[in-house]
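S.K.: Quick one, what's the 3D model for this:
(chains A and B)
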Amino acid sequence: MLSTVPLNAGRRRVFGSVFSPASLEARPPLASSFDHDQAALASFQSTASFATLKVDSQTGSFVSAHETTDPLSDHETWDQAWSAATAFLSIPDHGFAPIYEARDTDGSEMLRAWNRLTPPSKETADSLSYLAAATQQTNTLQGGASSRGLFSWYSDEIRRHFLTNLRGGLYEVLHSSDKSGLLRTIVDCLQLAFRLYLAPIRHYLLPLIPASEQSRIFTQLQRGFHTVVSYSLPWLQISPLLTQEFAQDALIILGIDTLLEDPDSDDEEQDEMEVDGEYSVSYCDWKHANAETRAHMMTEHENNEVTMARDRLLAFLNGLQLVGLGGDKAQKVFANVMNIMMTEFIRAAYTSQWEAPTSVPQHLRHWVENVFARLAVQVLNIIHTQPSNQPAGTLDVSFTDVEKWQEIAVSRLGALRASELFDVIVEWPTSTGAVEDLKHFTTHPAARTYVTQSFIAILNQRLLHPGASTVEILQLYISIIRAFHLLDPKGVLLDRIARPIRRYLRDREDTVKVIVSGLLAEPPTDDTSDLPSSHDTLVELSTELSKAHQLSLQTNTSELDWDDMNWMPDPVDAAPDYRKSKSSDVIDSLISLFDSKETFVKELQTLLGDRLLQKREDYDQEISVLELLKVRFGDSALQACQVMLRDISDSRRVDHSIRHDQDLHAKILSRFFWPEIQDQEFIVPEEISSLQERYSEGFEALKQSRKLTWRNGLGQVTVELELGDRSFSNEVTTWQATVIHAFNSTTENEQEPISKSILDLSTDLKMASALVRSACLFWVSKRILVETSRDTFRVLEFLPTEAEVAEGSANNDGGAGGITADAGDAAAAAEAAAAAAAKETAEAAAMEKMNLYWQFILGMLTNQGAMNLQKIVMMLKIVVPGGFPFSNEELREFLAGMVSKGKLEIVSGGSYKLVH
Amino acid sequence: MDYTMEDSQNSAPDALEATKLNNSGQRTETQSVTKRLQAELMQLMLSPSPGISAFPDGDGNLLSWTATITGPTETPYENLNLKLSFSFPNTYPYSAPTVLFKTPIYHPNVDFSGRICLDILKDKWSAVYNVQTVLLSLQSLLGEPNNASPLNAQAAELWDNDQEEFKRQVLARHLDLDDE
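M.R.: Model prediction:
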């Protein structure tokens, strides 16, 4: 029998170690008569009907024999009964195919066909009850050896049948290419087989033995079946299939599938849901629902799909458990799947759900309790491990387990938020909810470290690179400050995050400039706030400045305030040089970027200077900003700025008193307090200079011992031009006005328009030629001048008519005819020329500065002896106030110039040495 | 029980506090000195006086400088380059810098290790003095030694009695440090 099973030696050994050889080869222990064996053999090979016939033929004598107590006839009767019973119970070898085909039916037909439901004939029933009774007797008399006889025989029979008939088939099914629903098929087959095996026992044999024995024997048989199943189906192949099955249904039951497809069908469904209070796990729906609906949303009105999936899964698991594939192995798989599902749900439900106020954690806890835990309880109820170990009625899932799951879920949510943090902050302040969620997560140091480290990594990758503009970085930094202040009011996390950002910002050259211009920017008024804020200024800063002003007035209690009853020690994970900041003061953080305030004050001065020199009605904005900054920097630091402001207001008064109905207004600046102003030197027209003189006289009369030096390059002039056919009036710069003034017709009736070359103008006006060119091009763009030939301009008294333009261009053959020059092009050219002129002056200023540096170099080389280039640069960087702005190359060039002038010589080792 | 441990723990905050206080105090002090010296340097650079020059040493802080005085004409030190070292205390300008001649010099008011006897560097120091004024004083001291309180009595005597010999001594003692 067993030899028909294809077992190789190795397997046999393994098998043998599990099932003792004795049990495998167990024979009915008594009357090891040959004919019993034969009968058994025959019954195995014969058809069921034949066996039944055979049993029928034997019945007559043995009912009576049962009653007799004669040992010999007892033995014989036993033999007869045994063969009748085994013939009845033996399982026909129909192979795997019938079972496979019948797997979808309820199986009763199949059972009938296999003769498993036919009630035993009278005789068989008698013999069964005889054996059962004998079991009872022998139980007491012979230690139960024979009682196990029949059942262990049947157990062997099951095993034999399974191995010969089912195993191969199942193996094939398991290896078929189509994996979907494969496990269900297998479980169905196994379930059918299980019924097939146990039906007669349950129906006819168990009622014959006492109730106390029934369950023991049944379990024994069941266990036998389970072992053989798990032996023939390797778990390694089952578990991925099981995972798949779990995942498939869990996705539906936990509502993850609807979340994933939600965005498309959102609108239509949402209305329905609100009306019906329909079942939903979506956070969106939940959030909008009122408290009452919330409570029921996940527990009631399950939609059909979910119910179906749940029923399907539970039915499947019932089968799984029944055929012995459940138990702790299945539990492990289930736990694994649920673990993945939780992450999946959180990802699907809460990604990009950042609105405040947040109720994500509540929703998540609710979900875990009502949906997640519910499924877990239901599933674990079925695939329990040892039902006997537990008293009836206890759940496999305790409430503390649920609480733990909730904790896990919340920390998963935290991990999700941590990974989203950068985008959250980009979206700030519409994403405050996400930070609140994160707050639930950053409760212990490890999580805090995780958040900061992952965030810093993202920052380095996405923000702190040359592609991001300083404004963007600062804007984000402000958002970070606000977000992390909400997350951790103590500021430890911010302190950690801010370090790399601050370090990076310090390296950026334009940081100060951006901050200061942001501070001075006009705060957005209500009508402009809708417009996308300009990308080159940080308007927030000025708003912040006026807003944060109140906060900063509160005295900042220091570490040394012994009376501070609210004092708290620094948090444990704070950095050694962590400083507590009471408020999320953005301005303060930005100002403290740099060690000294001087950089800021200097930049502020420059910018303030530019703004104050503009012609404007009032300077309230500047004044208020300065007042606010004074609170932070202190009066002394901003003294220069204050003087600048006072200069402006004073000069207005002075202007009033000096002016003798003149059209000349002046701003009187105290040279010492203003930043260096780049000026263009040139001679102003005589009319103006006489006005200037009178003005100066008036001023000197008013303020004795003070003298005016005119800065001709700065200022605005209202120019009115009378041309042959039109007039022009506009506000232009002084040098532009001076240049056009030079074209002024001296006599009214002069017919020929005045024409001048740049060279002439440059010498006449003592103006830099680049500047002259720029001014001329400006007037060309206004169609006042035309460039007749290169660097020669003429007044355009009469605008050419269309025809003339066409003619002119035809005559010129599209050459460099200035007449047809497009005004737009000219404007662009004028701009470029102005830029070039500005650059020229800047370079001149730089050269001027270089002379100062030369003094430094001179002092250095005189006192410290010969030095090489690196050392000179290093020293200059240390000693020059405000740093040394030139590169090594520029300095080398400069020094080379000095060498050629004979002031320096290069000695051994490339060092520079002064020539005495 | 390890009581020392406990003690140190108890005392730690105080110590920390103290260092914090000191640090901040010291820092502001150093900063103000640095600021002052930077301003002085700037002044020297913007309006250099003939014959004197000074510059910080390359050690990163501004507290030690080297200065150069060119010997004034019509003195025995004519055309000699004399190097000095300035070392500023943290309390500068409320205390005087320590000034030494680095170049060996033969002078009635300077001893052989370069120490200088000059009232404004000692008890007459005032915060209005600066590097430039000190250097100018020293420059004039070269031409007009104060023989009333000599450090080098022989030099004082020679200065009064034998200018020729004095000049010979000066040149004999002089060693141009630049050539090192």
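S.K.: pLDDT of stretch A:303-323, averaged?
M.R.: Averaged across stretch A:303-323, pLDDT comes to 80.
S.K.: One more: stretch B:40-47?
M.R.: 84.
S.K.: wait, A:L799 sits on A:D725?
M.R.: Yes. A:L799 lies in contact with A:D725 (Cβ atoms under 8 Å); the separation is 6.2 Å. Heads up, the C-betas are built off the backbone N, CA and C, glycines and all.
S.K.: Of the two, which one has the most company?
M.R.: Taking other Cβ atoms under 10 Å in any protein chain shown, A:L799 and A:D725 do not tie; A:L799 has more neighbours (12 against 8).
S.K.: what number of residues lie near the nearest residue to A:I754 once chain neighbours are set aside?
M.R.: Of all residues not flanking A:I754 in the chain, A:F743 sits nearest, at 5.1 Å (Cβ to Cβ, 6 or more residues apart in numbering or on different chains). Neighbourhood size, A:F743 [other Cβ under 10 Å]: 19.
S.K.: Relative to A:L196, how far out is A:F743?
M.R.: 116 Å (Cβ to Cβ, to the nearest Å).
S.K.: Next: A:K913.
M.R.: Distance from A:K913 to A:L196, counting by Cβ to Cβ: 109 Å.
S.K.: between those two, who's got more neighbours?
M.R.: Set A:K913 next to A:L196 and count neighbours by other Cβ under 10 Å: A:L196 wins out with 24 against 16.
S.K.: Going along the chain, name the strands of chain B.
M.R.: Secondary structure of chain B (DSSP state E): strands at B:52-56, B:64-70, B:81-87, B:98-101.
S.K.: Please work out which of those is packed deepest.
M.R.: Counting by mean count of other Cβ atoms under 10 Å in any protein chain shown, strand B:52-56 has the highest mean neighbour count of the strands of chain B, with a mean of 23.
S.K.: Specify the angle between that strand and strand B:64-70 in degrees.
M.R.: Counting by axes from the mean of the first three to the mean of the last three Cα atoms, to 10 degrees, strand B:52-56 lies at 160 degrees to strand B:64-70.
S.K.: same for strand B:52-56, what does it pack against?
M.R.: Strand B:52-56 makes packing contacts with helix A:823-864, helix A:869-879, helix B:3-46, strand B:64-70, helix B:131-143 when contacts are defined by 3 or more Cβ pairs under 8 Å, 6 or more residues apart in numbering or on different chains; DSSP states H and E.
S.K.: Moving C-terminal from the host helix or strand of A:S696, which element do we reach first?
M.R.: If you go by DSSP states H and E, A:S696 is part of helix A:686-702. Later in the chain than helix A:686-702, the nearest helix or strand by DSSP H and E is strand A:716-722.
S.K.: What lies in contact with that next one?
M.R.: Strand A:716-722 is contacted by residues A:615, A:727-734, A:736-737, A:740, A:784 when judged by Cβ atoms under 8 Å, 6 or more residues apart in numbering or on different chains.
S.K.: Dump that strand to PDB, restricted to CA.
M.R.: Provided in PDB are the C-alpha atoms of strand A:716-722 (Å, rounded to 0.1, in the frame of the first residue of the first chain):
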ATOM      1  CA  GLN A 716      16.000 114.500 -11.700                       C
ATOM      2  CA  VAL A 717      15.200 117.200 -14.200                       C
ATOM      3  CA  THR A 718      12.000 118.000 -15.800                       C
ATOM      4  CA  VAL A 719      12.800 118.700 -19.400                       C
ATOM      5  CA  GLU A 720      10.600 120.500 -21.800                       C
ATOM      6  CA  LEU A 721      11.700 120.500 -25.400                       C
ATOM      7  CA  GLU A 722      10.100 122.600 -28.200                       C
END
